[in-house]
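Q: When you get a sec, could you give me coordinates for this:
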Amino acid sequence: MQKPAFDPGLTTQYGARLSRAVNRDGSFNVRRTGATWRAFHLWQRIVSMSWIGFAALAVGSYLVANTIFAFIYYLLPTGEIGGIEATNASTKFLYGFFFSAHTLTTVGYGNFAPRSILANSIASVEALSGLLGFSVLTGLLVARASRPSARIRFSQNGLIAPYQTTTALMFRVANERPYNLMEVEARAMLMTVDDKSANSNSAPVRRFDLLTLERPGILFFALSWTIVHPIDESSPLFGKTSQDLERLQAEIVLMIKGFDETFGQTVNARFSYRYDEIVWNAKFTPTFFVDPGDGGLVLELDRLGDFERVPSPAA
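A: Have a look, this model is predicted:
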């Protein structure tokens with residue numbers, strides 16, 4: 001029985017040129033179609049959305065709920081809500097909106113009050129809706145705030161430069177947040193398109209190779225970390241040129257995993273480099289220095305990807 005090709009979960013078969021398998025933000029370049037409404041998980045979607053989107057959703061839901069109840073109060077006969085002295089329709093609706101805001105948040109300033117059984121019933125339903133709604137909102141806020149996440153900054157380019165007696169592929173990463181990550185591990189995977197099928201009728205085959213790293217892990221992630229893959233005879237990049245990587249549609253996925261001592265959980269981060277994001281004959285410049293004042297180390301995150309050109313090995 002033939003041993004199946006290594007597939008990390010991104011499939012080896014596809015029928016067209018792929019832009020990239022992993023986006024620069026670490027998300028997978030996969031779109032799903034044909035799913036039913038049962039696949040949609042509202043809580044998970046809200047917890048994973050951006051903070052700007054969450055704030056817009058919270059404020060929008062608050063305004064929509066008050067607008068709906070304000071319209072209901074607007075339809076009630078005059079005098080059902082005490083304290084509303086409206087001279088026109090717009091003022092009546094606006095006062096109804098304010099009364100709704102008081103009821104939804106259970107503030108109750110006392111300047112507005114329901115008088116009839118119908119108005120009290122509507123206000124009671126709204127007060128219950130407000131309690132339940134703000135409880136859900138609080139739960140979502142706590143879930144978002146307590147969810148561990150890594151803010152790993154990756155260099156915008158990978159570099160290939162002379163290294164010891166050979167060359168090496170290098171990346172540089174740093175922790176943007178001041179708290180420490182422990183026992184950080186890195187893995188790099190090279191994805192190429194097998195061009196051996198170019199003269200046949202078979203579909204292109206994507207190949208995956210795990211790159212051997214000089215140092216696959218560190219104990220502390222206080223400074224920047226240069227991740228090095230030596231390009232020796234055992235490397236799938238050995239003997240390859242920039243033109244070869246373009247022909248092979250090469251893409252390198254860098255995966256970082258570490259233990260967050262603040263939350264006591266493992267966090268992950270991913271980044272992707274295409275063949276045109278690899279700089280040849282270059283090396284990273286220093287990104288930290290010793291403060292002459294207090295002798296402490298200063299890490300310059302905005303210089304993480306800075307590099308300088310070096311002579312090629314053949315020069």
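
Q: mind checking the longest strand of the chain?
A: Secondary structure assigned by DSSP state E gives strand 181-194 as the longest strand of the chain.

Q: which other helices and strands contact that strand?
A: The elements that strand 181-194 packs onto, with contact taken as 3 or more C-beta pairs under 8 Å, 6 or more residues apart in numbering; DSSP states H and E, are strand 166-175, strand 205-211, strand 217-220, strand 225-231, strand 251-260. No exception for glycine: its C-beta is placed from N, CA and C like everyone else's.

Q: Select, out of these, the one closest to E183.
A: Closest to E183 of the helices and strands packed on strand 181-194 is strand 251-260 (C-beta to C-beta; 5.1 Å).

Q: contact partners of that closest one?
A: Contacts of strand 251-260 from elsewhere in the structure, counted by C-beta atoms under 8 Å, 6 or more residues apart in numbering, are 20-22, 148, 150, 152, 154, 158, 169, 171, 173, 179, 181-192, 211, 221, 227, 265-275, 278.

Q: buried subset of these?
A: Applying 16 or more other C-beta atoms under 10 Å to these, the neighbour count classes 20-22, 150, 152, 154, 158, 169, 171, 173, 181, 184, 186-192, 211, 221, 227, 267, 269-275, 278 as buried.

Q: care to break this structure down by domain?
A: If the domains of the chain are taken from automatic domain parsing, they occupy 40-145, 152-309, with pieces of a single domain joined by a plus sign.

Q: Pop out the phi and psi values for the spatially most distant residue from the centre of the chain.
A: Centroid-distance maximum for the chain: G79 at 52.4 Å, with C-alpha atoms, centre = their mean. Comment: the main-chain dihedrals of G79 come out as phi 100, psi -10, following degrees, to the nearest 10.

Q: Equivalent analysis for T285, please.
A: The main-chain torsion angles of T285 are listed as degrees, to the nearest 10 and equal phi -90, psi 160.

Q: Now it. Nearest residue, chain neighbours left out?
A: Once flanking residues are discounted, T285 sits nearest to D306: 4.7 Å by C-beta to C-beta, 6 or more residues apart in numbering.

Q: and the longest helix seen in the chain, how far from the chain's centre?
A: The longest helix of the chain (DSSP state H) is helix 117-145. Taking C-alpha atoms, centre = their mean, to the nearest Å, one finds helix 117-145 lying 30 Å from the centre of the chain it belongs to.

Q: Return the set of buried residues in that helix.
A: Neighbour counts over helix 117-145 (16+ other C-beta under 10 Å) mark A119, I122, A123, E126, A127, G130, G133, L137, L140 as buried.

Q: next one: stretch 234-247
A: For stretch 234-247, a neighbour-count test (16+ other C-beta under 10 Å) marks S235, P236, L237, K240, L245 as buried.

Q: so where's the stretch 1-150 of the chain shaky on pLDDT?
A: For the stretch 1-150 of the chain, applying pLDDT under 70 flags the ranges 1-21, 24-26, 28-39.

Q: And the helices and strands packed on strand 181-194: which comes nearest I72?
A: Closest to I72 of these, according to C-beta to C-beta: strand 251-260, at 47.4 Å.

Q: about what we covered before: the residue farthest from the centre of the chain and Y73: what is the separation?
A: For G79, the distance to Y73 under the criterion C-beta to C-beta, to the nearest Å works out to 12 Å.
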